[in-house]
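Engineer: This is the structure alone, sequence omitted:
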């Protein structure tokens with residue numbers, strides 16, 4: 001595998017897996033800290049909210065934090081906990097407003113800007129996320145997750161060079177976390193250092209054999225270097241660890257198509273389109289699988305759907321459907 005590869009999408013075969021933010025999953029340990037003086041206020045309404053929060057009764061916790069805010073309108077920690085509760089209830093915009101309010105009220109901890117950044121990232125405001133991660137690193141320069149998260153935002157902003165620098169720092173601070181090696185590995189491959197990227201991803205799975213994303217990223221690189229046999233092995237491993245990874249099913253569908261396992265490709269692409277019905281490349285790939293299986297009606301219907309979604313004509317399928 002050589003260093004000239006650029007892992008990018010083309011109109012018909014687009015596969016993208018970007019580094020995930022490990023700490024996007026809420027740290028329940030923080031909730032435990034909140035029953036201590038770390039983020040405590042002496043208010044029975046607030047204490048009841050914390051109790052409900054720690055019991056994972058998030059609707060109940062939200063009610064009590066709302067009462068706390070009404071009674072203590074200048075309490076930054078009350079807004080912060082209200083925001084975290086909204087995160088659990090998947091109310092991202094309200095969560096962001098609450099945590100920003102807590103910062104305005106001068107309540108800032110090591111997670112304040114981190115959560116703002118992660119929420120903005122989830123809302124696809126990558127520039128805003130980057131700004132928050134910058135601020136987090138300025139205040140707390142020794143948190144590995146902060147660099148990993150900022151690197152992930154930079155990837156979304158097409159700054160893979162800056163992202164690699166952040167992943168380097170995350171690894172320097174915590175070399176035992178496989179997620180950081182996985183993030184850096186795919187980025188290096190995108191920059192053309194394919195073997196270095198593979199080395200990082202192999203390190204990731206050595207550190208964490210249950211890292212489904214790392215196996216998926218290995219499969220992505222191997223797909224683009226046309227090492228289909230190893231790509232299939234790694235994608236199978238990823239899906240054995242987490243069968244819900246839609247992007248990985250997409251990748252495996254492509255690989256199986258290249259290996260002429262058309263029925264296997266069809267099964268993976270059915271899964272993809274169940275959860276991502278607007279995925280143009282998946283429609284085109286499934287059209288190809290159905291074409292090779294001799295399913296003219298199905299292939300042409302999928303091809304038509306791809307064209308409706310803005311896809312370009314594919315001569316081989318176009319000819320098959322006439």
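Structural biologist: Alright, I've got the coordinates. Remember, predicted model here, so these are calculated numbers, not experimental data.
Engineer: Which stretches in the stretch 201-322 of the chain count as helices?
Structural biologist: 212-224, 228-241, 246-258, 262-275, 280-292, 296-308, 315-320 (DSSP state H, counting those that start in this stretch).
Engineer: can you redo those helices as TSV with mean neighbour count?
Structural biologist: The way it works is simple: take the backbone N, C-alpha and C, and place the C-beta from them, glycine included. Below are those laid out as TSV (neighbours: other CB atoms under 10 Å):
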stretch	mean neighbour count
helix 212-224	26
helix 228-241	19
helix 246-258	25
helix 262-275	19
helix 280-292	25
helix 296-308	17
helix 315-320	13
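Engineer: In CSV: the ones you listed, plus mean pLDDT and distance to residue 168.
Structural biologist: Below are those laid out as CSV (pLDDT from 0 to 100; distance: least, CB to CB, whole Å):
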stretch, mean pLDDT, distance to residue 168
helix 212-224, 94, 17
helix 228-241, 97, 24
helix 246-258, 96, 25
helix 262-275, 97, 33
helix 280-292, 96, 32
helix 296-308, 95, 40
helix 315-320, 92, 44
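Engineer: which one of those helices lies closest to residue 110?
Structural biologist: helix 212-224 (24.8 Å; CB to CB).
Engineer: helices or strands next to that closest one in the packing?
Structural biologist: For helix 212-224, the elements it packs on are helix 178-190, helix 194-207, helix 228-241, helix 246-258, judged by 3 or more CB pairs under 8 Å, 6 or more residues apart in numbering; DSSP states H and E.
Engineer: what comes into contact with that helix?
Structural biologist: Under the criterion CB atoms under 8 Å, 6 or more residues apart in numbering, residues 1, 5, 7, 15, 17, 20, 178-179, 181-182, 185-186, 189, 194, 197-198, 201-202, 204-205, 208, 228, 230-232, 234-235, 237-239, 241-242, 245, 247-248, 251-252, 254-255, 258 lie in contact with helix 212-224.
Engineer: still on that earlier bit, and the helices of the stretch 201-322 of the chain: which comes nearest residue 148?
Structural biologist: helix 212-224 (12.4 Å).
Engineer: follow-up on the earlier one: quick one: the helices of the stretch 201-322 of the chain as a markdown table, columns for distance to residue 71 too.
Structural biologist: Converted to a markdown table, the helices of the stretch 201-322 of the chain look like this (distance: least, CB to CB, whole Å):
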| stretch | distance to residue 71 |
| --- | --- |
| helix 212-224 | 44 |
| helix 228-241 | 47 |
| helix 246-258 | 44 |
| helix 262-275 | 43 |
| helix 280-292 | 52 |
| helix 296-308 | 55 |
| helix 315-320 | 65 |
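Engineer: Out of the ones you listed, flag the one nearest residue 172.
Structural biologist: Nearest to residue 172 among these is helix 212-224 (19.0 Å), distances taken as CB to CB.
Engineer: For that closest one, what is the distance to the chain centroid?
Structural biologist: 15 Å (CA atoms, centre = their mean, to the nearest Å).
Engineer: tell me the angle it makes with helix 246-258.
Structural biologist: Interaxial angle, helix 212-224 versus helix 246-258 (axes from the mean of the first three to the mean of the last three CA atoms, to 10 degrees): 30 degrees.
Engineer: Report the angle between helix 212-224 and helix 178-190.
Structural biologist: Going by the same axes, to 10 degrees, helix 212-224 makes 20 degrees with helix 178-190.
Engineer: before we move on, the earlier item: would you convert the helices and strands packed on helix 212-224 into a markdown table that also reports distance to residue 153?
Structural biologist: Listed next are these as a markdown table, based on distance: least, CB to CB, whole Å:
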| stretch | distance to residue 153 |
| --- | --- |
| helix 178-190 | 11 |
| helix 194-207 | 19 |
| helix 228-241 | 24 |
| helix 246-258 | 19 |
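Engineer: Show me the one of these that comes nearest residue 96.
Structural biologist: That would be helix 178-190 among the helices and strands packed on helix 212-224, by CB to CB, at 23.8 Å.
Engineer: which helices and strands sit right next to the closest one?
Structural biologist: Short answer (3+ CB pairs under 8 Å, 6+ apart): helix 178-190 packs on helix 144-156, helix 160-173, helix 194-207, helix 212-224.
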